[in-house]
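Peer 1: Sequence and predicted structure are below.
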Amino acid sequence: MEYEAVIGLEVHVQLNTRTKMFCGCKNEYGGAQNTHLCPVCLGLPGALPVPNQTAIEKTILTGLMLGCHIAPRCKFDRKNYFYADMPKNYQISQYDQPLCLGGEVKLHTLAFPKDVQKEPQALAGKSIRLTRIHLEEDVAKSSHYETQSGIDFNRAGTPLMEIVSEADISTPEEAFAYLSALKQILIYGGVSDADMEKGQMRCDVNVSVRPVGQKEFGTKVEVKNVNSISAVRRALRYEIDRQIENAKGNVPQKQETRRWDDPKGQTTPMRSKEQAHDYRYFPDPDILPLRTDIGSPSLLETAKAALPELPEAKKARLTATYGLSDYHSSVLAAEVGLSLYYEKAAAGAKNKAVVANYLINEYLAVASAEDEVPVPPEYFAELANLFDEGKINNRQAKEVLGFMLAEKKAPGVLVKEKGMEQVSDTGALEKICDEAIAANPRGVADYKAGKTAAVNAIKGFVMKATKGQANPKVIDEILVRKLAAL
Ligand SMILES: [Zn+2]
């Protein structure tokens, strides 16, 4: 029997607001432990929470970017449970009236892992539906040591979005693409840096398997503690195999929560979920319900005004404005920082496609698109112009690029320093071309007889004489001119 996986993801995203969700304490990663605290986020008796308007606007903005319906009215609820990392013994969240409903994440090819980008599933353009996005507060961060545990309350009360997907994901690669595409949008909107290693984006994975053709879902397992996008892929691969193996051996699947152990490459049981928790949700009596549709401007209008150009629109604009290939536009649009960098570089370059070529085909071959490019964009413009004007050839341009990244010097300076300048000196080339014509009477005769390809033999002589340093375009021009004059 063939089996298929059914996957849904719950993603928690920390919003990059200046202050926490319900108080004025700093929302900052990596501050000295237990220093960003006040009676509100410590849950002291009598303290009153006040919702953070920016956090609400950023959540609405996220919803708009993902095509969600924005609720005109919503409220905050208390989710009651007892745990050491939660000082109030309840978490302020949204239960039955979330800010955003529906929406989708489109899985574009470049969001898939590199090794499967050419496979049909990466080219199909599938969309994953969203159930909802709600806003809540984060809990404190606990660290467990050998015999004791420590709790840092700096994180308690910081704004946290929960983005819940429908169980539309079918493979570990689609889960990878979903998270990559989602992260890209969050960064585009400037709502979060979404760095999984810093815990700014955290993912709980729900996965079950069922025989192909069966409509009912299998028993769901939740996998926690997965802290990178590629680890989600690895965890799912392991978990799906494990569940299929169990199903084939008629081992009943328990509904449980498992932990992903990345170094060991396996999931291990954490706790079983015999029944759903009773969180005794009720509306938080300290916080008024929200209207997103009234006021001038309303919360919705403010969020709409902050809508950025999204990846798809950017891709289309880059292609139209700069005459780039579909692939180059996609690569640039995939990283908002890289596309900004490109546009600055292109502004100073005569041939915009040449800049994209050196930035994507050469620079990105040795660097990651997420990292900051180590030289100013003007350098890429200068490099492209040197090539475009025939002062250096393609091979030299690649060399200059290498030096430029290593030495952080402008391409013009490097061309002089490395003695590449003379090769574009047409005077010197004219002389070598004369020699080449004199040394190739046969080639000249063929050329004159109409065999234009014969020019290549003469060109080869020039390239040899200049040890490949001459610009082929310039040689072509000189030779054609000289041969015509013979
Ligand atoms: Zn506080």
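Peer 2: That came through fine.

Peer 1: So which residues of the stretch 1-150 of the chain form strands?
Peer 2: For the stretch 1-150 of the chain, strands defined by DSSP state E, counting those that start in this stretch occupy the ranges 3-14, 69-70, 73-74, 77-80, 90-93, 100-101, 104-106, 127-137, 141-144, 149-152.

Peer 1: Figure out which of these is closest to Pro377.
Peer 2: Taking CB to CB, strand 104-106 is the member of the strands of the stretch 1-150 of the chain nearest to Pro377, at 29.0 Å. In this view, the C-beta of every residue, glycine as well, is placed from N, C-alpha and C.

Peer 1: Glu197: which of the strands of the stretch 1-150 of the chain is closest?
Peer 2: Once the strands of the stretch 1-150 of the chain are compared by CB to CB, strand 3-14 is nearest, at 12.7 Å.

Peer 1: quick check: mean pLDDT across that closest one?
Peer 2: Summarised as a single mean, pLDDT over strand 3-14 is 97.

Peer 1: quick one: it to strand 127-137, angle?
Peer 2: If you take axes from the mean of the first three to the mean of the last three CA atoms, to 10 degrees, strand 3-14 sits at 40 degrees to strand 127-137.

Peer 1: The ion contacts on this structure?
Peer 2: 23, 25, 38, 40-41 (CB under 5 Å from the ion).

Peer 1: Excluding chain neighbours, give the residue nearest to the residue of the stretch 51-200 of the chain found nearest the ion in space.
Peer 2: Closest residue of the stretch 51-200 of the chain to the ion, CB to the ion: Gly157 (5.6 Å). With CB to CB, 6 or more residues apart in numbering as the criterion, Gly157 has its nearest non-adjacent residue at 3.4 Å, and that residue is Cys41.

Peer 1: Show the contacting residues for the one you found.
Peer 2: Residues in contact with Cys41, defined by CB atoms under 8 Å, 6 or more residues apart in numbering, are 20, 22-23, 25, 87, 153, 156-157.

Peer 1: Show the model's pLDDT score for it.
Peer 2: Confidence at Cys41, expressed as pLDDT, is 94.

Peer 1: What does it show for phi and psi?
Peer 2: For Cys41, the backbone dihedrals are phi -80, psi -10 (criterion: degrees, to the nearest 10).

Peer 1: And for Val207, the neighbour number?
Peer 2: By other CB atoms under 10 Å, 26 other residues sit near Val207.

Peer 1: repeat for the one 10 residues further on
Peer 2: By the criterion of other CB under 10 Å, Phe217 has 13 neighbours.

Peer 1: Then Ala47?
Peer 2: Neighbours of Ala47 under the rule other CB under 10 Å: 15.

Peer 1: My understanding was that it contacts Cys25; is that so?
Peer 2: No - counting by CB atoms under 8 Å, Ala47 stays clear of Cys25, with 11.7 Å between them.

Peer 1: Please enumerate the shared neighbours of these two.
Peer 2: Counting by CB under 8 Å, 6+ apart, the residues touching both Ala47 and Cys25 are 38, 40.

Peer 1: Just put the strands of the stretch 1-150 of the chain in TSV and tack on mean neighbour count.
Peer 2: Formatted as TSV, the strands of the stretch 1-150 of the chain follow (neighbours: other CB atoms under 10 Å):
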stretch	mean neighbour count
strand 3-14	21
strand 69-70	17
strand 73-74	16
strand 77-80	20
strand 90-93	20
strand 100-101	22
strand 104-106	20
strand 127-137	21
strand 141-144	12
strand 149-152	14
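
Peer 1: Identify whichever of the ones you listed lies nearest to Ser228.
Peer 2: Ser228 sits nearest to strand 3-14 of all the strands of the stretch 1-150 of the chain, at 13.1 Å, using CB to CB.

Peer 1: what helices or strands is that closest one leaning on?
Peer 2: Other elements packing on strand 3-14 under the criterion 3 or more CB pairs under 8 Å, 6 or more residues apart in numbering; DSSP states H and E are strand 159-165, helix 172-188, strand 201-211, helix 229-248.

Peer 1: Pull out the buried positions in the last one.
Peer 2: Within helix 229-248, the residues that qualify as buried are 229, 231-240, 242-244, 246-247, counting by 16 or more other CB atoms under 10 Å.
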